[in-house]
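Asks: no FASTA, just this:
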């Protein structure tokens, strides 16, 4: 945490205090401990400091840092949504995630994805006019070709 050591000493004390609280929580994983951590008076300060640091990485730390932060943003906001919707069978979230992914395809020069996702999105959002029965089925979770098992057997396990 070199970035913390070179900054304001009050910030250092705040973060160290919060990390001690996280340590306490990690050694006592109970709802009560978690609630105490969330009610910590230093949590809002740490969250603000974290947001400032992320903004620094996005805007003031060079092009490579900005690239990786945009990648993290895409993974957190879109890819995880795609995974979630596929497990939940949520058609509206699927369409939303696809719509959010299209600009990233252009930004990362993934021309084929951008080229094919755009008409796919348009066709899928027009199902209510072109094929309402299919849309109803998709909205009930029938669009996903298979269900994910809750457990995955290990190779060689009996």
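Replies: On my side now, so go ahead. Here the structure is a predicted model, which is why all the values come from computation and not from measurement.

Asks: helices and strands of this protein: which one bottoms out on pLDDT?
Replies: helix 2-5 (a mean of 58; mean pLDDT, DSSP states H and E).

Asks: any idea how the chain splits into domains?
Replies: Using automatic domain parsing, the domains assigned to the chain come out as 1-44, 55-143.

Asks: next one: the longest one to chain centre, how far?
Replies: Between the mean C-alpha location of domain 55-143 and the chain-wide mean there is a distance of 12 Å, by Cα atoms, centre = their mean, to the nearest Å.

Asks: Name the spans of this protein whose pLDDT lies under the cut-off.
Replies: 1-8, 144-158 (pLDDT under 70).

Asks: Show me what counts as buried in the longest helix that it contains.
Replies: Using DSSP state H to define each element, the chain has its longest helix at helix 9-27. The neighbour-count check on helix 9-27 (16 or more other Cβ atoms under 10 Å) flags 11, 14-15, 18, 21, 25 as buried. (C-beta placed from N, C-alpha, C; glycine too.)

Asks: From those, pick the one nearest residue 127.
Replies: Closest approach to residue 127 among these (Cβ to Cβ): residue 25, at 46.2 Å.

Asks: just the helices in the protein please.
Replies: Listed in chain order, the helices of the chain (DSSP H) span 2-5, 9-27, 31-38, 43-59, 63-74, 80-88, 91-107, 111-125, 127-130, 132-137.

Asks: Now distance to residue 143 too, for these, in TSV please.
Replies: TSV is the format used below for the helices of the chain (distance: least, Cβ to Cβ, whole Å):
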stretch	distance to residue 143
helix 2-5	45
helix 9-27	40
helix 31-38	36
helix 43-59	35
helix 63-74	23
helix 80-88	9
helix 91-107	6
helix 111-125	9
helix 127-130	10
helix 132-137	7
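
Asks: rewinding a little: tell me the one of the buried residues of helix 9-27 nearest residue 62?
Replies: Of all the buried residues of helix 9-27, residue 62 sits closest to residue 11, with 22.4 Å by Cβ to Cβ.

Asks: if I look at the residue nearest to that closest one when sequence neighbours are not counted, how far off is residue 12?
Replies: Once flanking residues are discounted, residue 11 sits nearest to residue 49: 5.8 Å by Cβ to Cβ, 6 or more residues apart in numbering. Taking Cβ to Cβ, to the nearest Å as the measure, residue 49 falls 10 Å from residue 12.
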